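> give me a model of this one.
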Amino acid sequence: MKLLQRVNPMAAASLTALAVVVLLTASASRPSFLRRFEPSIASLPRAARRAAPADCDIFRGEWVPATAADDGAAPYYTNATCGEIQEHQNCIKYGRPDLGFLRWRWRPERCELPRFDAAAFLDLLRGKSMAFVGDSLSRNHMQSLLCLLSKVENPREVPKTADPEFRAVRYESHNFTVAVFRSPYLVTANQSDPAGGMWDLYLDEPDAAWATAVAGFDYVVVSTGIWFNRPTMFYERGRLVGCYSCRLPGVPDLTLRYSLPLAFRTALRALTAASVFNGTVIVRTLSPTSHFEGGEWDKGGDCRRTRPTAASEARMSGLDVDFHAAQVEEFRRAEAAAAASGSAVRMLLMDATAAMVARADGHPSRYGHWAHENVTLYNDCVHWCLPGPVDVWNEMLLQMLLRHQS
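Residues are numbered from 1 along each chain as shown. Got it, this is the predicted structure:
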């Protein structure tokens, strides 16, 4: 969905001026934590090169203030140093006034999460390939990774295919390829009624846009969630079995909790089939769908918080609880099936939802376009600012890869 909003011209001038100041990252007048953000990889503390203890659950913890002592007071990159940031996630460029959201780090309950080490990541993935499969948040995840790796190397664009939603880049000096396949439902889907927003989902058919293309990859990162909120018709074995919010006579409403588990089951079953894929499947649990406050996304909802929610108060709610539980359950089901069949596929769970529930302050909100633009767009409380909390996904990813090196 496009995310737009009207803004008032007087606020526009001040926000535009602020954006110019922030963009001048080479200037001595920029905030101290931005001046510091470009140390070489060699200057990072040795702790950054180590894996977190094996007995530490990196997915349970809290957000704490980042300090200069742990080299966490500066973001890894800015919009001035990374060209991979899409406009609607470019919060610094478009004048977000509170940059405090960049000065928090995720601390697991029983250990410290090392800073992301771009050199270590590329060395670890030398000669490998990684695909991100899912919705626009999968692209958000990939773009964060490309920005983080830009400290060491900028990739070469792989020539485009006929699919406009496919993109791949290659890190030549490390023989490492990263690709993204857009598939918001993971299964075959088509929009049967654009005006009414209705989609047809074939819940037992993996989406051909990615299902055969990922066969040669070493790692596939699967994630999606928020699209399952939309009105949908459910098909199995080519037959209509029900719907969500279709209001058609004789078609049972199976609720929006019906389709996501089956879609994940189909996708993971396709990946664990021995003849299709023999690498590592990483399932990243959903990014919160419930960060809109003061209304729904199309009814004035916004996300204007300026700091993380305290760990004692950050809880999943509503649909997120059910979607998260379904994703974990389907992961466990696929993991057990792969083990029972003797499949060479390795299954890893990136349970990042708890960390992100607390970061309602990390979304673009209205800062995805110039304040003076005469547009009517919705506030973006779904995607994540770059740089921003989303970078923790790649800190977690690196730790998972270090723990499970093959």
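> pLDDT weak spots in the stretch 201-350 of the chain?
274, 294-295, 297-300 (pLDDT under 70).
> which stretches of it form strands?
219-223, 232-236, 239-244, 280-284, 346-350 (DSSP state E, counting those that start in this stretch).
> save these as TSV, and put in distance to residue 336 and mean neighbour count too.
Every residue, glycine included, has its C-beta placed from N, CA and C. Converted to TSV, those look like this (distance: least, CB to CB, whole Å; neighbours: other CB atoms under 10 Å):
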stretch	distance to residue 336	mean neighbour count
strand 219-223	17	24
strand 232-236	23	21
strand 239-244	26	17
strand 280-284	13	23
strand 346-350	9	18
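> can you put those strands in a markdown table and add distance to residue 64?
As requested, the strands of the stretch 201-350 of the chain are exported to a markdown table (distance: least, CB to CB, whole Å):
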| stretch | distance to residue 64 |
| --- | --- |
| strand 219-223 | 25 |
| strand 232-236 | 40 |
| strand 239-244 | 40 |
| strand 280-284 | 23 |
| strand 346-350 | 21 |
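> among those, which is nearest residue 110?
Of all the strands of the stretch 201-350 of the chain, strand 346-350 sits nearest to residue 110, with 18.2 Å by CB to CB.
> give me the helices and strands touching that closest one, please.
Where contact means 3 or more CB pairs under 8 Å, 6 or more residues apart in numbering; DSSP states H and E, strand 346-350 is packed against strand 280-284, helix 319-341, helix 391-403.
> quick one: which of these is nearest residue 105?
Comparing those by CB to CB, helix 391-403 comes nearest, at 7.9 Å.
> ok and that closest one relative to strand 219-223, angle-wise?
Per axes from the mean of the first three to the mean of the last three CA atoms, to 10 degrees, the angle that helix 391-403 makes with strand 219-223 is 140 degrees.
> distance from helix 391-403 to the middle of the chain?
Helix 391-403 sits 13 Å away from the centroid of its parent chain (CA atoms, centre = their mean, to the nearest Å).
> for residue 59, give me its contacts.
108, 350-352, 354-355, 396 (CB atoms under 8 Å, 6 or more residues apart in numbering).
> tell me the confidence at it?
Residue 59 carries a pLDDT value of 97.
> for the one 10 residues further on, same thing?
We note a pLDDT of 73 for residue 69 in this prediction.
> how many residues are close by it?
8 (other CB atoms under 10 Å).
> compute the first-to-last residue distance for stretch 124-135.
Taking CA to CA, to the nearest Å, the first and last residues of stretch 124-135 lie 26 Å apart.
> got the buried residues for it?
125, 128-135 (16 or more other CB atoms under 10 Å).
> pretty sure residue 64 is in a strand, no?
Yes. Counting by DSSP: H, G, I helix; E, B strand; the rest coil, residue 64 falls inside a strand.
> for it, list each beta-bridge partner.
residue 105 (DSSP bridges).
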